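Asker: One predicted model, sequence on top.
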Amino acid sequence: MKLNHFTDFSMRVLMYLNQKKDTPQSSLDDLANTFKISRNHLIKVVQFLSANQLILTKRGKNGGILISEKAKEIRLGDLIHLLEQDDTPVINCDSKPCIFQPHHCKLKSLFNTAYLAFIESLNQYKLSDIEFKNWSAMF
């Protein structure tokens, strides 16, 4: 399974913010420079994460972006499912007319079962389970 770029960028931001202990706040520019990602892409990510209460944002001189308690507690499978923003992330038989659909094709069902197993296996973990031990050496 391949995750979309939005999920990838969101996970990077959450992992980064989760590990920042000394100075927990970050700015969009900090994140863009750290990850070498377009600021415009990050704006969409930050807006989504904020709307879903996974990060806290504050404007102004003492403002910044902080990880929320909800993000620290959510299971990774549920987080990935939320970030993917699609109830049928692997295959969508309705997106283009499929000649197999009227013949009770089992492919979608098999992919959905595999996706649910993927999410379930990730739900054994939280962000704290994927923290880096040598964080200070990275930045």
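Answerer: Great, that's in hand. Only a predicted model underlies this, so the values are computations on that prediction, with no experimental measurement involved. Numbers count the residues shown, from 1 in each chain.
Asker: need the contact list for Pro24.
Answerer: Contact criterion Cβ atoms under 8 Å, 6 or more residues apart in numbering gives 17, 66-67 as the residues in contact with Pro24. Where you see a C-beta, it was placed from the backbone N, CA and C, and this is true even at glycine.
Asker: Give me the below-cutoff pLDDT ranges for this protein.
Answerer: Within the chain, the segments meeting pLDDT under 70 span 1, 88-89, 138-139.
Asker: Dihedrals phi and psi, the residue lying farthest from the centre of it?
Answerer: When distances to the mean C-alpha position of the chain are computed (Cα atoms, centre = their mean), the maximum falls on His103, with 35.7 Å. In terms of degrees, to the nearest 10, the main-chain angles of His103 are phi -100, psi 20.
Asker: that older thread, include secondary structure, distance to Leu122 and neighbour count when you put the contacts of Pro24 into CSV, please.
Answerer: As requested, those are exported to CSV (DSSP: H, G, I helix; E, B strand; the rest coil; distance: Cβ to Cβ, whole Å; neighbours: other Cβ atoms under 10 Å):
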residue, secondary structure, distance to Leu122, neighbour count
Leu17, helix, 19, 24
Leu66, strand, 24, 15
Ile67, strand, 18, 23
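Asker: Could you single out the nearest of those residues to Arg39?
Answerer: Arg39 has its nearest neighbour among these in Leu17, at 16.5 Å by Cβ to Cβ.
Asker: hang on, the earlier thing: format the contacts of Pro24 as CSV; extra columns: distance to Ile55.
Answerer: Compiled in CSV, these are given as follows (distance: Cβ to Cβ, whole Å):
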residue, distance to Ile55
Leu17, 7
Leu66, 6
Ile67, 6
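Asker: my hunch is that Thr57 is in a strand, does that hold up?
Answerer: Yes - under DSSP: H, G, I helix; E, B strand; the rest coil, Thr57 sits within a strand.
Asker: Identify the bridge partners of it.
Answerer: Going by DSSP bridges, Thr57 is paired in beta bridges with Ile65.
Asker: Is it correct that it is in contact with Val46?
Answerer: Yes - checked against Cβ atoms under 8 Å, the pair Thr57 and Val46 is within contact range at 6.7 Å.
Asker: Run the chain-centre distance for stretch 116-127.
Answerer: On the basis of Cα atoms, centre = their mean, to the nearest Å, stretch 116-127 is displaced by 13 Å from the centre of the chain it belongs to.
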